[in-house]
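**Student:** have a look at this prediction, sequence included:
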Amino acid sequence: MSNKTLAIIKPDAVGNGFTGKIMDRIIEAGFKLQAAQLMQLSREKAEGFYAVHKERPFYNDLVDFMTSGPCMPMALEKDDAVNTFRSLIGATNPEEAADGTIRKDFAESIQNNAVHGSDSNENAQKEIAYFFTSNEILDY
Ligand code: CMP
């Protein structure tokens, strides 16, 4: 699964009406959309997704933010999907993100940073399975 990544259009971007614009950027960059669902995360679901950050000072605020409105997880396919997607979205902090990246153009802050992208192939596999069953991932 080294050619897949999990992306999430986060509640800030969905709420600000950027879902379509961000999806356009992703598709134009050559990613194939294999699964997508607009969903409202429960607290438990958001806590589980970010469990690796449990001890970080921003964890509770991050869970509040991720449950503050709908978000859109997506499974994406492309050669070297994890690295290519991370380049497309830019640095975690939009103030440090390169010009032309999704976070530079659409994010509000280091927390409300518009999109998530998996940070390794191993995590991509786990994160895709956290939101989608194998039947929901369309290989075409
Ligand atoms: P993401 O790439 O989804 O991974 C972890 C998330 O935690 C990150 O995007 C931000 O939304 C949030 N985050 C990371 N660092 C900070 C920080 N220093 N302060 C607040 N939120 C952060």
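**Tutor:** Structure received.

**Student:** make it CA atoms for all contacts and neighbour counts henceforth
**Tutor:** Fine.

**Student:** before we move on, what SS does the residue of the chain found nearest the ligand have?
**Tutor:** Proximity of the chain to the ligand (C-alpha to the nearest ligand atom) peaks at residue 111, 3.7 Å away. Under DSSP: H, G, I helix; E, B strand; the rest coil, residue 111 falls in the coil class.

**Student:** what of residue 85?
**Tutor:** Assigned with three-state DSSP, residue 85 falls in the helix class.

**Student:** for it, give me the pLDDT.
**Tutor:** Note for residue 85: predicted pLDDT of 98.

**Student:** near the ligand, which residues of the protein?
**Tutor:** For the chain, the residues in contact with the ligand (C-alpha under 6 Å from any ligand atom) are 58, 92, 110-113, 116-117.

**Student:** now residue 41: closest residue in space, sequence neighbours ignored.
**Tutor:** Nearest residue to residue 41, sequence neighbours excluded (C-alpha to C-alpha, 6 or more residues apart in numbering): residue 67, at 5.4 Å.

**Student:** can I take it that residue 72 is in a strand?
**Tutor:** Yes - assessed with three-state DSSP, residue 72 lies in a strand.

**Student:** wait, it touches residue 9, no?
**Tutor:** Yes - the criterion here is C-alpha atoms under 8 Å, and residue 72 meets it with residue 9 at 4.9 Å.
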